[in-house]
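Enquirer: quick check, what structure comes out for this input:
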Amino acid sequence: MSITARITLFAGIVAGLLCSLLAIVLMIAIKRFAVVNATEEITSAGGRVAVQMERGRLDYPLAERPNRNIQVVDPHGRVVASTSKLRGKPAMATFTPDGKNSATSVVCGGVFPSGECDIVVVQWAHRAGQRWLVYSSSPAIPPWVDPLLAGAVGGSAVALVAAITYLGRRNARASLRPVRAIRAELEEINAASPHRRVPVSAAHDEIHEMAESVNRTLNRLDTALQHQRQFLSNASHDLRSPIAAMRAELEDALLAPQETSVATVVRAVLGSLDRLQAIVQDLLTLERLDAGLPGACDRIALTELVAAECRIHRDSPKTFECSLGPGVVVIGDRLRLSRVVANLIDNAERHADTTVCVTVRHEPSGRCGDQRLPYGAAVLEVLDDGPGIDPDKRELVFQRFARLDSDRSRGAGGTGLGLAIARQIAEAAGGTLRIEDSSRGARFVLRLPAASSESDPADPASHLGGR
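Expert: Here you go, the predicted structure:
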């Protein structure tokens, strides 16, 4: 069943139960009121006859209403006077008022027609020093009191149930109308129209909040789709470039085989293959990072890791100035962290004019101002003296396949993914990678949570079992 049908059914059942209960209570109250009034009238009619008996005379007819019955019984139990319906019949009841002036009871059958019950009131009448009995009666009030009254109450209850059910259904449909509009709009949103958004109702209710949440989700999906399209476009372009270069070399060799040699062609193709392999390797690394695959949690001496990378570049035509502070330890994946260090140093080497400065230091926790770094931060700075990066483009270089200008072009030897990979690895390890101000060139600053200098229970590495 739909939500509207369920709400309508629930409203109808609840309204039916409540209205039925209300009608029953109302009819019970009306009946009790009618019984009290009828008893008072019967008592009054019998009292009038008792007064007449005490005065020594009876006025006929004894009852003023056709449905009223009255009998006068002498002290010996004989009926000496009665209304026409009970003439010649014995007393309508046998109970007496006892110590009271009157008594009331409901009597069924006897002198009354079969299946009929009457309200009987008996009263004392004093005459000639003797006590006589005056019985007065009237048919008992049925549960429905009066057919017209019962019909009016029952009809009103049914009408009220119908009205409540109708209003419940109408309110449910009105409340769910924005949901239907949202669903209809979502049916139309696809890859060809990712900019469309669901309507937001004016009422500040749960549906309004849901529509806003859906639109925020659609915004994120639209942004992710745009990034994916841009990434695919850049990736396809970067992959086509080495493939096209290899194809050109091979076609030239086929067209003029006497002007080249196998060694020359192989060397030219191997260069393009190296670039193609680097791009594919970077794409696989990004895929693993995007999938959220956890890395190792080893204690890593960042100083030693950077020192090893600096030794690799000893024969570089650029000058490397390495200032490495001792005892800087972090917790993380050694292979991933090595990749970050290598990417930052390789990037600086490509774009430096003459010198690359590499610094490793430890920042105390108070200086960092971050409660997430109880042991401070391990900081790696890589500074080159190249053309630098404009402040408004510093975030752009961390995007995948991002290129700024001719100085940082594909001809520089990068794949366009190194910095994106480095930042993603840094953030996965709980750190940051930013470009900060410098007097010349670009200054990349990597900050990672530092580990304690000695293994203790508060140190995550102490729980790694010597990994």
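Enquirer: so how many other residues sit close to Ala162?
Expert: A total of 14 residues lie near Ala162 under the criterion other CB atoms under 10 Å. For every residue, glycine as well, the C-beta is placed using N, CA and C.
Enquirer: from the chain's centre, how far out is the strand or helix carrying it? Work that out for me.
Expert: Ala162 belongs to helix 147-188 when elements are defined using DSSP states H and E. When distances are taken as CA atoms, centre = their mean, to the nearest Å, helix 147-188 is centred 26 Å away from the chain's centroid.
Enquirer: what's the average pLDDT for it?
Expert: Summarised as a single mean, pLDDT over helix 147-188 is 92.
Enquirer: same for that helix, what does it pack against?
Expert: helix 3-55, helix 206-255 (3 or more CB pairs under 8 Å, 6 or more residues apart in numbering; DSSP states H and E).
Enquirer: domains for the chain, by residue range?
Expert: For the chain, whose domains are defined here by automatic domain parsing, the residue ranges read 3-139, 206-290, 298-463.
Enquirer: can you say which of these is packed in most?
Expert: domain 298-463 (a mean of 17; mean count of other CB atoms under 10 Å).
Enquirer: pLDDT (mean, whole number) over that one?
Expert: What domain 298-463 shows for mean pLDDT is 81.
Enquirer: looks to me like Ala348 is in a helix.
Expert: Yes - per DSSP: H, G, I helix; E, B strand; the rest coil, Ala348 lies within a helix segment.
Enquirer: would you state the predicted confidence (pLDDT) at the residue lying farthest from the centre of the chain?
Expert: Of all residues in the chain, Ala128 sits farthest from the chain's C-alpha centroid, using CA atoms, centre = their mean; the distance is 90.4 Å. With respect to pLDDT, Ala128 has a value of 78.
Enquirer: so can I have TSV of the domains of the chain showing distance to Thr165?
Expert: Listed next are the domains of the chain as TSV, based on distance: least, CB to CB, whole Å:
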stretch	distance to Thr165
domain 3-139	4
domain 206-290	23
domain 298-463	57
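Enquirer: hmm, back to that, now do the helix holding Ala162 against helix 3-55, angle only.
Expert: For helix 147-188 against helix 3-55, the angle by axes from the mean of the first three to the mean of the last three CA atoms, to 10 degrees is 170 degrees.
Enquirer: which residue is nearest the centroid of this protein?
Expert: With distances taken as CA atoms, centre = their mean, the chain has Met210 as the residue nearest its mean C-alpha position (8.0 Å).
Enquirer: apart from its neighbours in sequence, what residue is nearest that one?
Expert: With sequence-adjacent residues excluded and distances taken as CB to CB, 6 or more residues apart in numbering, Met210 is closest to Ile182, at 7.6 Å.
Enquirer: what of Gly56?
Expert: Using CB to CB, 6+ apart, the nearest residue to Gly56 is Arg127, at 7.1 Å.
Enquirer: who does the one you found bridge with?
Expert: Per DSSP bridges, the residues bridged to Arg127 are Gln130.
Enquirer: next up, the contacts around it.
Expert: Arg127 makes contact with Met53, Glu54, Gly56 under the criterion CB atoms under 8 Å, 6 or more residues apart in numbering.
Enquirer: check Ile279 too.
Expert: Applying CB under 8 Å, 6+ apart to Ile279 gives the contacts Ala235, Asp238, Leu239, Pro242, Thr415, Leu417.
Enquirer: Arg339 and Ile435: what is the separation?
Expert: With distances defined as CB to CB, to the nearest Å, the gap from Arg339 to Ile435 amounts to 19 Å.
Enquirer: same question, Glu64
Expert: Distance, Glu64 to Ile435, using CB to CB: 111 Å.
Enquirer: and for Ala29?
Expert: With distances defined as CB to CB, the gap from Ala29 to Ile435 amounts to 84 Å.
Enquirer: next: Ile279.
Expert: In this structure, Ile279 lies at 23 Å from Ile435, with CB to CB as the measure.
Enquirer: identify the residues contacting the nearest residue to Ala50 once chain neighbours are set aside.
Expert: Among residues not flanking Ala50 along the chain, Ala125 sits closest, at 3.8 Å (CB to CB, 6+ apart). If you count contacts by CB under 8 Å, 6+ apart, Ala125 has them with Val49, Ala50, Val51, Met53, Glu54, Val72, Arg131, Trp132, Leu133, Val134.
Enquirer: okay, the fourth one: pLDDT?
Expert: What it means is Met53. With respect to pLDDT, Met53 scores 86.
Enquirer: looks like it contacts Trp132 (just checking).
Expert: Yes - counting by CB atoms under 8 Å, Trp132 is a contact partner of Met53 at 5.8 Å.
Enquirer: now the common contact residues for those two.
Expert: In contact with both Met53 and Trp132: Val72, Ala125, using CB under 8 Å, 6+ apart.
Enquirer: name the element the residue nearest to Ala50 belongs to?
Expert: Mapping Ala125 onto the secondary structure by DSSP H and E places it in strand 117-127.
Enquirer: how near is Leu446 to Asp384?
Expert: If you measure Leu446 against Asp384 using CB to CB, the figure is 15 Å.
Enquirer: try Ala420
Expert: As for Ala420, its distance to Asp384 is 19 Å (criterion: CB to CB).
Enquirer: got the contact list for Ala172?
Expert: Contacts of Ala172 by CB under 8 Å, 6+ apart are Ile3, Thr4, Ile7, Thr8.
Enquirer: so what's the third one up against?
Expert: This means Ile7. Applying CB under 8 Å, 6+ apart, we find Ile7 in contact with Gly168, Arg169, Ala172.
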